[in-house]
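Participant: give me the fold of what follows.
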Amino acid sequence: MSPKPSPSPSPSRKESATLAGEVYEKFVLQVYQQLLQQDSVKTVDARHNILLKGRSGRSYQTDVYWEFDLAGVRYRTCVECKEVTRRISGETVGAFADKLNDIGGMTGIFVTTAGYQRAAKLRAKDAKIRLLVLHPILKEIHATLNVKTPIISGETLQFDLQRVRALRVATGLESFQFSFNSTADQFHLVTGDGTPAGTLADVMQAEPTTEGRHEISLDSFCVPSEIGPLPLMGLTYDVKFSTYSTEIIARSDDTAMAIIEDVLANTSEYVHEDGRRERAPAAAQRKSKPSGAPHA
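Facilitator: Have a look, this model is predicted:
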């Protein structure tokens with residue numbers, strides 16, 4: 001017998017974070033390529049995750065690199081991308097500034113999902129680094145709805161036979177037959193003195209969460225009858241669950257692919273799939289400054 005292949009290991013938390021970061025970096029590249037096309041900029045080079053060598057001889061990992069011509073001038077830009085939940089610190093922006101200084105001849109753009117601390121803004125101003133907050137705009141939501149419906153069967157009412165017997169003797173009856181045929185919401189209950197006390201459905205209102213045999217105490221209820229209220233002890237019933245799944249897909253027809261906030265310029269704009277820019281309303285600008293970063 002040949003050995004069974006071992007399952008592929010699940011990615012670690014660090015690997016998962018790296019994969020998510022790469023997705024964000026590529027999205028930033030995509031957004032800026034759209035913007036440059038709209039601005040009729042001639043892109044010479046646009047790459048993701050490359051190494052650039054500094055004047056010190058040190059190599060630097062660069063999330064996104066652009067090289068483009070505009071009005072006869074060639075520009076080289078390094079973009080640092082951080083999909084995080086905490087605001088970027090001054091130390092982080094400072095390290096990016098040092099990298100740009102060593103490489104030389106570069107403009108710098110820092111892009112994140114979470115905003116910037118005050119020290120980061122001051123450091124960026126000094127180093128002439130552009131600070132952006134960029135969020136993808138959700139286009140489609142896929143949701144799988146698994147619904148569990150309890151199926152109740154085998155309902156059995158348990159009467160307090162000793163008290164029922166005493167009631168029969170008190171009425172002078174040798175025997176007594178009692179039958180009923182109704183749904184739980186039509187099965188009326190009373191107290192010992194005959195006062196209406198709701199229905200059986202009322203006492204079964206809390207839906208069971210587990211399969212198997214269930215029991216409800218009914219010792220404070222009675223069933224109305226011709227000889228008077230018949231005292232109950234409880235109700236037992238069986239529960240099984242029927243499960244069905246349905247998929248829900250919600251799509252947006254909006255062509256906007258991202259919202260970009262320029263932190264130092266204090267402006268926000270939507271970027272559409274064709275590269276068009278549209279000024280974002282004040283409400284959208286406020287939403288682009290969350291304490292934590294959403295994941296699209």
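Participant: surely residue 149 and residue 242 touch.
Facilitator: Yes. Using C-beta atoms under 8 Å, residue 149 is in contact with residue 242, at 4.9 Å. Every residue, glycine included, has its C-beta placed from N, CA and C.
Participant: show me what contacts residue 107?
Facilitator: Residue 107 sits next to 75, 76, 77, 78, 100, 128, 130 when contact means C-beta atoms under 8 Å, 6 or more residues apart in numbering.
Participant: got a list of what the residue of the chain most remote from its centre touches?
Facilitator: In the chain, the residue that sits farthest from the middle, by C-alpha atoms, centre = their mean, is residue 172; the gap is 67.6 Å. Contact analysis of residue 172 by C-beta under 8 Å, 6+ apart lists nothing.
Participant: and for the closest residue in space to residue 272 that isn't next to it in sequence, the neighbour number?
Facilitator: Closest residue to residue 272 apart from its sequence neighbours, by C-beta to C-beta, 6 or more residues apart in numbering: residue 255 at 4.7 Å. Neighbour count for residue 255, taken as other C-beta atoms under 10 Å: 14.
Participant: repeat for residue 153
Facilitator: Residue 153 has 8 nearby residues by other C-beta under 10 Å.
Participant: swap in residue 115?
Facilitator: Counted by other C-beta under 10 Å, the residues lying close to residue 115 total 21.
Participant: quick one: what helix or strand has the closest residue in space to residue 210 that isn't next to it in sequence in it?
Facilitator: In this structure, residue 210 finds its nearest non-sequential neighbour in residue 239, 7.2 Å apart by C-beta to C-beta, 6+ apart. Using DSSP states H and E, residue 239 falls within strand 230-251.
Participant: show me what the helix or strand following that strand pairs with in its sheet, parallel or antiparallel.
Facilitator: With elements assigned by DSSP H and E, the helix or strand that comes after strand 230-251 is strand 256-262. Looking at strand 256-262 with DSSP bridges, its partner strands are strand 129-136 (antiparallel), strand 267-272 (antiparallel).
Participant: chain center to strand 256-262: distance?
Facilitator: Centre-to-centre, strand 256-262 and its host chain are 21 Å apart (C-alpha atoms, centre = their mean, to the nearest Å).
Participant: buried set for it?
Facilitator: Judged by neighbour count (16 or more other C-beta atoms under 10 Å), strand 256-262 contains these buried residues: 256, 257, 258, 259, 260, 261.
Participant: could you do stretch 205-221 as well?
Facilitator: Result for stretch 205-221 [16+ other C-beta under 10 Å]: buried residues 208, 214, 216, 218, 221.
Participant: may I have the phi/psi pair for the second one?
Facilitator: Backbone geometry at residue 214, expressed as degrees, to the nearest 10, gives phi -120, psi 160.
Participant: just grab the bridge partners of it for me.
Facilitator: When bridges are called by DSSP bridges, residue 214 pairs up with residue 237.
Participant: looks like residue 211 contacts residue 241 (just checking).
Facilitator: Yes. If you go by C-beta under 8 Å, residue 211 and residue 241 touch, sitting 5.9 Å apart.
Participant: coming back round to it: comparing the strands paired with strand 256-262, which yields the minimum mean pLDDT?
Facilitator: Across these, strand 267-272 has the smallest mean pLDDT, namely a mean of 87.
Participant: in that strand, what counts as buried?
Facilitator: By 16+ other C-beta under 10 Å, the buried positions in strand 267-272 come out as 268, 269, 270, 271, 272.
Participant: what's in contact with it?
Facilitator: With contact meaning C-beta under 8 Å, 6+ apart, strand 267-272 is reached by 31, 34-35, 137, 255-262, 277-280, 284-285, 288.
Participant: what's the burial count for residue 26?
Facilitator: Neighbour tally, residue 26, other C-beta under 10 Å: 15.
Participant: how about the contacts of residue 107 in JSON lines, adding distance to residue 187?
Facilitator: Putting those into JSON lines (distance: C-beta to C-beta, whole Å) gives the following:
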{"residue": "75", "distance to residue 187": "80"}
{"residue": "76", "distance to residue 187": "81"}
{"residue": "77", "distance to residue 187": "75"}
{"residue": "78", "distance to residue 187": "75"}
{"residue": "100", "distance to residue 187": "78"}
{"residue": "128", "distance to residue 187": "79"}
{"residue": "130", "distance to residue 187": "72"}
